[in-house]
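A.B. asks: need a structure here:
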Amino acid sequence: MAGLSESYLRKGPLDADKSIAETLGGQIVLILDMSNDTRVQYPEEAKREGIVSVLSVPISVKGQIIGVLRIYTSEQRNFSDDEYELISGLADMGGIAIDNARMHDRLKAEHEKLIDETHRWFEYGRV
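C.D. replies: Residues are numbered from 1 along each chain as shown. Next up is the predicted model:
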């Protein structure tokens, strides 16, 4: 399975309480059969999409959960300890990248504000 269809991506809004909520609590969750698990919000849509199993891993920044990385499979699949470690590492790197991007945006905005204020001071001095 290479990617998800537009139909699946537009299946509806995700409710954090109905869509593998344990992951937002910091737990890694493996669901072997999405069509028969009450933690799955859209089981019929997953079945139509050909998704059988999902590994749901929290993405955190500085101890705070900011998102979820999900690995979908088209057949029932258990993951090895090494795979858990790799996927958790990817989620950690994703969290770091998101945090860095946010910090970059803040610094860029502050830099632009300082430049604007400096220009205003120079203009004020000319008057």
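
A.B. asks: the helix or strand of the chain with the lowest mean pLDDT: which residues count as buried?
C.D. replies: Least confident helix or strand, the chain: helix 6-9 with a mean of 89, by mean pLDDT, DSSP states H and E. Using 16 or more other Cβ atoms under 10 Å as the test for burial, helix 6-9 gives Tyr8. To be clear about C-beta, it is placed using only N, CA and C from the backbone, and glycine gets the same treatment.

A.B. asks: start at 762, not 1
C.D. replies: From this message on, residue numbering opens at 762, which makes the last subject helix 767-770.

A.B. asks: hmm, who's touching the next helix-or-strand element following it?
C.D. replies: Next helix or strand after helix 767-770 toward the C-terminus (DSSP states H and E): helix 782-785. Defining contact as Cβ atoms under 8 Å, 6 or more residues apart in numbering, one finds that helix 782-785 is touched by 777, 790, 800, 817-819, 826, 829.

A.B. asks: let's see which of these end up in helices.
C.D. replies: Of the positions in those, not one sits in helices, assigned by DSSP state H.

A.B. asks: I'd like those as TSV, with neighbour count appended.
C.D. replies: TSV is the format used below for those (neighbours: other Cβ atoms under 10 Å):
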residue	neighbour count
Ala777	11
Val790	18
Arg800	16
Ser817	22
Val818	23
Pro819	22
Ile826	14
Val829	17
